[in-house]
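# From the sequence below, what's the structure:
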Amino acid sequence: MVLVHHQPHHQPTTSGSGSLLERADLSHPIPENARKLAQLVEYDESRVEMGTHSVFVREARPPGAHYAKATVLFLHGQKTLGLKQVMVVSASMSAQFVLPLMTSSRHLSCVVLVAPSNTHEVLNPSSYVVPTLVLWGERDTSLGPTAAANLKNLPTVKLQKIPDAGHACYLHNPKCFENLCVNFFDLIRSYHH
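The predicted structure follows:
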């Protein structure tokens with residue numbers, strides 16, 4: 001599970017079906033110059049001491065004069081690092097830890113759930129207020145379709161099946177996965193500025 005830092009904002013309001021998120025086309029490609037820049041990113045790994053705990057941090061710095069759109073870190077330690085709003089990408093079984101957080105927008109800007117488990121535990125969909133993108137591969141015959149069926153009634157959700165992919169759709173069709181995630185993050189960021 002990965003968290004992506006995002007500036008605080010107000011959550012979007014929706015009025016029934018046909019919300020901005022539901023209508024959004026997230027499939028357009030990421031520009032090639034952005035992909036080339038991503039190959040030049042430098043990584044630095046370190047630890048942040050938090051009392052009796054040592055938290056592993058991996059920092060990605062953009063090349064040259066480019067700015068960072070986000071900070072990526074593992075779940076533990078965002079408070080110590082001063083992060084108030086985060087974007088979460090959660091795959092499969094890690095969803096059991098993310099789903100309970102989605103009833104409050106206090107700390108989360110948005111969530112990407114990749115073929116998430118435990119979606120049967122969502123008993124009151126209207127209480128899940130965090131904008132959510134649910135992804136699964138077209139060859140996923142279990143968790144993905146089940147999650148889509150269980151989460152389709154969340155107030156701010158986009159369901160997206162990824163072509164030519166199985167359960168781990170980010171591995172089978174990474175370009176499509178990246179396009180959908182980046183466009184979703186940009187939509188959330190743009191909608192709130």
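
# Point out where this structure drops to low pLDDT.
For the chain, residues meeting the criterion pLDDT under 70 lie at 1-17, 48-85, 192-193.

# could you pull out the strands for it?
2-6, 42-50, 53-61, 72-73, 85-91, 108-114, 132-137, 157-162 (DSSP state E).

# The fifth one pairs with which strands, and in what direction?
Think strand 85-91. strand 2-6 (antiparallel), strand 108-114 (parallel) (DSSP bridges).

# what's the angle from it to strand 132-137?
Using axes from the mean of the first three to the mean of the last three Cα atoms, to 10 degrees, the inter-axis angle of strand 85-91 relative to strand 132-137 is 20 degrees.

# With the last one instead?
Angular relation of strand 157-162 and strand 132-137 on a 0 to 180 degree scale: 20 degrees, by the same axes, to 10 degrees.

# Summarise which helices and strands strand 157-162 is packed against.
helix 20-23, strand 132-137, helix 143-151, helix 174-191 (3 or more Cβ pairs under 8 Å, 6 or more residues apart in numbering; DSSP states H and E). From N, CA and C alone the C-beta is placed, and that goes for glycine too.

# And for the nearest residue to residue 171 once chain neighbours are set aside, the neighbour number?
In this structure, residue 171 finds its nearest non-sequential neighbour in residue 165, 7.9 Å apart by Cβ to Cβ, 6 or more residues apart in numbering. The number of residues packed near residue 165 is 23, by other Cβ atoms under 10 Å.
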